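Asker: Quick one, structure for this:
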Amino acid sequence: MTALRRRRPLDIWPAFVDATASLLMVVVFALLLAVLGHLVLSTALTGRDEALAELSTRISHLAEILSLEQAETDRLEKLLAVRTANLDEARSRINTQQQTITEKTTLLSQRNTTIEEQGNTITEQLNVIETLQLDIAALTALRDRIQAELEKQIAEHDLIRQKLQEKSELNVRNIAQMELLNQQLEELRQQLSVLASALEVAEKDIAEKQLVIDDLGTRLNTALASKAQLLQRYRSEFFGHLRETLSDYPDIRIEGDRFVFPSELLFESGSDELGVAGQQQVKKLANTLKDIAQVIPNDLDWILRIDGHTDKRPISSDRFKSNWELSSARAISIVREMMKNGIPGNRMAATGFAENHPADTAETAEAYARNRRIELKLTSR
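Answerer: Residues are numbered from 1 along each chain as shown. From the prediction side, this is the model:
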């Protein structure tokens, strides 16, 4: 029995199982350590990525702020350049206007000298003074507009300068430019002051000339009133003699400053040709006018105005398309007949009024007859 036990084979399985279990536990532990290390490493990498992302965001934000700041600086520099150009243009305009004012002042002085040397008429003096007054008014308005624009430019430049002063080192050159602009603005102010002084001198000169013109105008009005009274006297004498000469025709009448002939006394219906009776009446008229013309002074520039009028009924013929042509043609026929009887053409004027100035607005045959008339008016040219 003892011999049999000694020959029994060796059993290594339990030892193998134990060794395998131990090895498995070691492997599991190693895997566990690896997993834990991976988790720790992943967590660390994730934190770094988030930090990098945050840093990238902040860098982008700072870059955007820097870009906006640069854009704002560029905009301010461009705006400053525009304002500088505007100031240069304003200065050029002021120089131009200053030159214009100098020319106008010189022209005014020349005009005054010409007036004193040559004795220009009152009408020419009035035209010159009025033109200069308009020029001075326009220049004054332009000066005020430029002054307002300059004040606006100054306010805008002050604002730009305030913004530029906040830009540290990049704004040093711009500040220098602003100082230069301020000097230029001061020069413009001085030029405007000189311009205002020149305008005041011109306005004072205009006022003095206006006093002279007012005095001359008063004298002229007095002279014209005297001429008008003299013409009125000769008109009354002319109408009186004419009324005596044509006393056989009661339809001839005097209305205010006009002597009125019925058209039927001179013309056939719808015609501009003077009949025999009409020619005789015009001859008497011419003789009376020649008698009065002999006593009218030569310096009284008189004319006899002959006005043709029709009634409102329309006319249309081969010769006359409307009452305008008929009324004008009748007035011209009388002028021609007067010239045949010795009245010079420069002492007469022919005018046609058609039906537009009726003497009677009624719708009757009598009213139409009153409206068909020839009016004579002795007046000045």
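Asker: Could you list every helix and strand in contact with the helix ranked longest in the chain?
Answerer: Among the elements of the chain assigned as helix by DSSP state H, the one spanning the most residues is helix 13-118. Taking 3 or more CB pairs under 8 Å, 6 or more residues apart in numbering; DSSP states H and E as the contact definition, the neighbouring helices and strands of helix 13-118 are helix 122-164, helix 172-245. The C-beta positions use only the backbone N, C-alpha and C, and glycine is treated the same way.
Asker: which stretch in those has the least confidence?
Answerer: Confidence, taken as mean pLDDT, is least for helix 172-245 of the helices and strands packed on helix 13-118 (a mean of 66).
Asker: Taking helix 122-164 as reference, get the angle to the longest helix of the chain.
Answerer: Orientation note: helix 13-118 sits at an angle of 160 degrees relative to helix 122-164 (axes from the mean of the first three to the mean of the last three CA atoms, to 10 degrees).
Asker: average pLDDT for helix 13-118?
Answerer: The model assigns helix 13-118 a mean pLDDT of 76.
Asker: Same question for stretch 266-285.
Answerer: Stretch 266-285 shows a mean pLDDT of 89.
Asker: tell me how far the ends of it are from each other?
Answerer: When the termini of stretch 266-285 are compared using CA to CA, to the nearest Å, they are 12 Å apart.
Asker: Now that stretch: buried residues?
Answerer: 266-267, 271-272, 274, 278-279, 281-282, 285 (16 or more other CB atoms under 10 Å).
Asker: Roughly how far does Q99 sit from V295?
Answerer: With distances defined as CB to CB, to the nearest Å, the gap from Q99 to V295 amounts to 58 Å.
Asker: oh sorry, the question was meant for E103
Answerer: As defined by CB to CB, E103 lies at a distance of 52 Å from V295.
Asker: the more surrounded of these two?
Answerer: Taking E103 and V295 together and counting by other CB atoms under 10 Å, E103 has the greater number of neighbours (11 against 8).
Asker: Could you list the domains of the chain?
Answerer: 67-214, 232-380 (automatic domain parsing).
Asker: which one is G352 nearest to, not counting chain neighbours?
Answerer: If the residues on either side of it in the chain are set aside, G352 comes closest to S328, at 3.0 Å by CB to CB, 6 or more residues apart in numbering.
Asker: Next, count neighbours for the one you found.
Answerer: Each residue near S328 was counted by other CB under 10 Å, and the total is 19.
Asker: for it, what are its contacts?
Answerer: For S328, the contact set (CB atoms under 8 Å, 6 or more residues apart in numbering) comprises 308, 350-352.
Asker: let's see 10 Å
Answerer: Under the criterion of CB atoms under 10 Å, 6 or more residues apart in numbering, the contact list for S328 reads 272, 307-308, 320, 350-354.
Asker: Only alpha carbons, please: show the strand or helix carrying it as PDB.
Answerer: When secondary structure is defined by DSSP states H and E, S328 falls within helix 323-340. Listed in PDB are the C-alpha atoms of helix 323-340, where the atom choice follows Å, rounded to 0.1, in the frame of the first residue of the first chain:
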ATOM      1  CA  ASN A 323     -60.900 142.800 -83.400                       C
ATOM      2  CA  TRP A 324     -57.300 143.200 -82.500                       C
ATOM      3  CA  GLU A 325     -56.300 143.600 -86.200                       C
ATOM      4  CA  LEU A 326     -59.300 145.900 -86.900                       C
ATOM      5  CA  SER A 327     -58.700 148.300 -84.000                       C
ATOM      6  CA  SER A 328     -55.000 148.500 -84.700                       C
ATOM      7  CA  ALA A 329     -55.500 149.000 -88.400                       C
ATOM      8  CA  ARG A 330     -57.900 151.900 -87.800                       C
ATOM      9  CA  ALA A 331     -55.500 153.600 -85.400                       C
ATOM     10  CA  ILE A 332     -52.700 153.200 -88.000                       C
ATOM     11  CA  SER A 333     -54.900 154.700 -90.800                       C
ATOM     12  CA  ILE A 334     -55.500 157.800 -88.700                       C
ATOM     13  CA  VAL A 335     -51.700 158.100 -88.100                       C
ATOM     14  CA  ARG A 336     -51.000 157.900 -91.800                       C
ATOM     15  CA  GLU A 337     -53.700 160.500 -92.600                       C
ATOM     16  CA  MET A 338     -52.300 162.800 -90.000                       C
ATOM     17  CA  MET A 339     -48.800 162.500 -91.500                       C
ATOM     18  CA  LYS A 340     -50.200 163.400 -94.900                       C
END
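Asker: Distance from that helix to the middle of the chain?
Answerer: Mean C-alpha position of helix 323-340 versus that of the full chain (CA atoms, centre = their mean, to the nearest Å) differs by 45 Å.
Asker: next SSE after that helix?
Answerer: Criterion used, DSSP H and E; the element after helix 323-340 is strand 348-354.
Asker: Would you tell me which one of the domains of the chain is buried the most?
Answerer: domain 232-380 (a mean of 16; mean count of other CB atoms under 10 Å).
Asker: from the chain's centre, how far out does that domain sit?
Answerer: Counting by CA atoms, centre = their mean, domain 232-380 is centred 47 Å from the centre of its parent chain.
Asker: for the helix or strand where A369 lies, packing partners?
Answerer: Assigned by DSSP H and E, A369 falls within helix 365-371. Helix 365-371 makes packing contacts with strand 258-262 when contacts are defined by 3 or more CB pairs under 10 Å, 6 or more residues apart in numbering; DSSP states H and E.
Asker: what helices or strands is the strand it packs on leaning on?
Answerer: Contacts of strand 258-262 with other secondary structure elements, assessed using 3+ CB pairs under 10 Å, 6+ apart, are made with helix 172-245, strand 253-255, helix 276-293, strand 302-309, helix 365-371, strand 373-380.
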